[in-house]
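[1] sharing a sequence plus its predicted fold:
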Amino acid sequence: MASVAVVARTRPTGLEYLVQTAGVVEWAVNEKVAAKFETLREATRAAMRLPSTLRAFAMPAVSLA
């Protein structure tokens, strides 16, 4: 089974997931539209490249779809 990871950040209302479209960083509350990474390492690299004010982190995806 392939592992899938996403980049997320916490908000008072819950988690928000990174959505990358044409180099633009956006956030969504639905994991299904989140940018998917093949490994947790790739997701961690993407999270670390974001500005520190965003405080994002990598985590395994709950849904593989």
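    Noted; the coordinates are in hand.

[2] for the chain, where's the lowest mean pLDDT among helices and strands?
    strand 24-28 (a mean of 89; mean pLDDT, DSSP states H and E).

[3] quick one: contacts of the helix or strand just after that one?
    Counting by DSSP states H and E, the element after strand 24-28 in chain order, helix or strand, is helix 40-49. Residues from elsewhere that reach helix 40-49 (Cβ atoms under 8 Å, 6 or more residues apart in numbering): 3, 5-7, 18, 20, 35, 37, 56-60. Quick note: C-beta positions are derived from backbone N, CA and C, even for glycine.

[4] can you pull out the low-pLDDT segments for this protein?
    For the chain, residues meeting the criterion pLDDT under 70 lie at 1-3, 63-65.

[5] ok so, going back, for the least confident helix or strand of the chain, buried residues please.
    By 16 or more other Cβ atoms under 10 Å, the buried positions in strand 24-28 come out as V25, W27.

[6] partner residues bridging A28?
    Applying DSSP bridges to A28 gives these bridge partners: Y17.

[7] same check on R11?
    G14.

[8] any idea how far it is from E38?
    Counting by Cβ to Cβ, to the nearest Å, the separation of R11 from E38 is 26 Å.

[9] again with A8
    17 Å.

[10] alpha carbons of the least confident helix or strand of the chain, as PDB, please.
    Output of strand 24-28 as PDB, limited to C-alpha atoms (Å, rounded to 0.1, in the frame of the first residue of the first chain):
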ATOM      1  CA  VAL A  24       0.200  29.700  -4.600                       C
ATOM      2  CA  VAL A  25      -0.200  28.400  -1.100                       C
ATOM      3  CA  GLU A  26      -3.800  28.100   0.100                       C
ATOM      4  CA  TRP A  27      -5.400  26.300   3.000                       C
ATOM      5  CA  ALA A  28      -8.500  24.100   3.000                       C
END
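
[11] sorry, back to before: compare neighbour counts for A8 and E38 and give me the winner.
    Neighbour totals were compared for A8 and E38, and A8 leads with 21 against 11 (other Cβ atoms under 10 Å).

[12] A helix includes the more buried one, no?
    No. Using DSSP: H, G, I helix; E, B strand; the rest coil, the assignment for A8 is strand, not a helix.

[13] great, nothing more from me.
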